[in-house]
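pasted the sequence and its predicted model underneath.
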Amino acid sequence: MLQAALLLAVCAARHAFALSSKTSIFSPAATPAKVSYDLSLFVLTITGGIFVTVASLILYAAVRFRRRPDDDGSEPPQIFGSNQIELSWTIIPVLIVVVMFLATARMIFAIQDAPQPPSALEVTVIGHQFWWEFRYPAQHITTANELHIPVSDTSTSRPTFMKLTSADVIHSFWVPRLSGKIDLLPNRINEMWMDPHTPGLYVGQCAQFCGVQHAKMLLRVYVDTPEQFAAWVKQEQQPGVQDPAVAAGRHDFESQACMNCHAIAGTPARGQFGPDLTHLASRKTIASGAADNTTENLERWIDNPDLIKTGSLMPAMHLTADQVHDITAYLNTLQ
């Protein structure tokens, strides 16, 4: 009865937390996360049962054999050795460890050895200090910090298979509701996949300490319907819009060091050190999720990145107020 009550309390607390958090591992929305979730519940049940059993025995012994006022002070009968007890506390733990090992191995192989179907979307993920680069080889798209992938439900199965690496130090890609953590290592490619069942926004971040701005190396995964994803791909494949009304901002962008670090398709800007800005205005955030993508925040970011993300590798270019305003106006046209 006590064990059942404890498990019910744990489940209720878990459910309440899952509903209130966008990064809860207790509300999986893709197969890899669901498999990990099921394994965690299985292990929690076993370890919870062990805890309740041991705690109950300790409580029983403390109450049953407590010292009473009429005790004469003599020791109870002493028992030395018991083959049955020795065997039980050796064999039972071994069996528990073997069962958990087999369950874990089965989960690992089920995720790592999953075949890639022809319909799968391929994405290359590159970790930088302190932002994410996403490349779609088949679609010829490069974007940053906000990953768009199609939903993969029973009616439209299209999982996303990713190859992950790092441009500098060790990072870790983690979107709790979609998958487990996986490290991004320099000069090495790791692989993972996701098949989100429900459209929506899923948030995550780097889960491996990678420097002073590790905590603000955030990421957003947008799971789109097939129609939404097709429209997004079509938009991303377009070059940057060249609006004559913001020609001054484009000139400032290309005449300063901005174009040495950033790329904008359809312009001379071909930098590779910073995020691709071809469609910056269509993103919801800037600075890898550190701030909303508003005109005010973008101006602050261009003028002095440390105001938003202290320790960012983007330098302050000491631009005039007019230059900051013009460049911001130009970037706001890059839908």
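Noted; the coordinates are in hand.

rest of the way, CA atoms for contacts and neighbours
Will do.

tell me the residue furthest from the middle of the protein?
When distances are taken from the C-alpha mean of the chain, Asp72 lies farthest, 63.9 Å away, according to C-alpha atoms, centre = their mean.

okay, and it sits in which element?
Per DSSP states H and E, Asp72 falls between elements, in no helix or strand.

I'd like the numbering to begin with 135 instead of 1 from here.
Happy to do that; since the first residue is 135 now, the last one works out to Asp206.

what score does it have for pLDDT?
Here the pLDDT value assigned to Asp206 is 75.

ok, Leu140 next?
pLDDT, Leu140: 49.

what does the one 3 residues further on give?
Looking at Ala143, its pLDDT stands at 50.

three-state assignment of Ala237?
Three-state call for Ala237 (DSSP: H, G, I helix; E, B strand; the rest coil): helix.

count of residues packed around it?
14 (other C-alpha atoms under 10 Å).

the spatially closest residue to it that is not a sequence neighbour and Val228, how far apart?
For Ala237, ignoring the flanking residues on the chain, the nearest one in space by C-alpha to C-alpha, 6 or more residues apart in numbering is Leu173 at 7.2 Å. Noted for Leu173: a distance of 19 Å to Val228, by C-alpha to C-alpha, to the nearest Å.

what does Ala196 give?
28 Å.

next: Pro402.
Pro402 sits 65 Å away from Val228, going by C-alpha to C-alpha.

for Val357, same thing?
Per C-alpha to C-alpha, Val357 is found 43 Å from Val228.

which one of these two has more residues nearby?
When Val357 and Val228 are compared for neighbours, Val357 comes out ahead with 22 against 11, by other C-alpha under 10 Å.

just give the closest residue to the more buried one, not the sequence neighbours.
Pro333 (4.7 Å).

any idea of the pLDDT on the one you found?
pLDDT recorded at Pro333 is 93.

from Gln362, how far off is it?
10 Å.

could you do Gln372 as well?
16 Å.

confirm that Lys368 sits in a helix.
Yes - under three-state DSSP, Lys368 sits within a helix.

for the stretch 335-469 of the chain, which segments count as strands?
352-358, 419-420, 425-426 (DSSP state E, counting those that start in this stretch).

would you reformat those as TSV and include distance to Phe243 and mean pLDDT?
Compiled in TSV, those are given as follows (distance: least, C-alpha to C-alpha, whole Å; pLDDT from 0 to 100):
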stretch	distance to Phe243	mean pLDDT
strand 352-358	25	95
strand 419-420	36	94
strand 425-426	39	93
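
of all those, which one comes closest to Leu453?
strand 419-420 (19.3 Å; C-alpha to C-alpha).

who does that closest one pair up with?
strand 425-426 (antiparallel) (DSSP bridges).

what's the burial count for the closest residue to Asp329 other than its chain neighbours?
In space, and not counting its chain neighbours, Asp329 is closest to Pro293: 4.3 Å by C-alpha to C-alpha, 6+ apart. By other C-alpha under 10 Å, 25 other residues sit near Pro293.

one more: Cys344?
Cys344 has 19 neighbouring residues, counting by other C-alpha under 10 Å.

per-residue confidence for it?
With respect to pLDDT, Cys344 has a value of 91.

Met351 now?
94.

so what's it up against?
Counting by C-alpha atoms under 8 Å, 6 or more residues apart in numbering, Met351 makes contact with Gln263, Phe264, Trp265, Trp266, Gln339, Cys340, Ser422, Gly423, Ala424.
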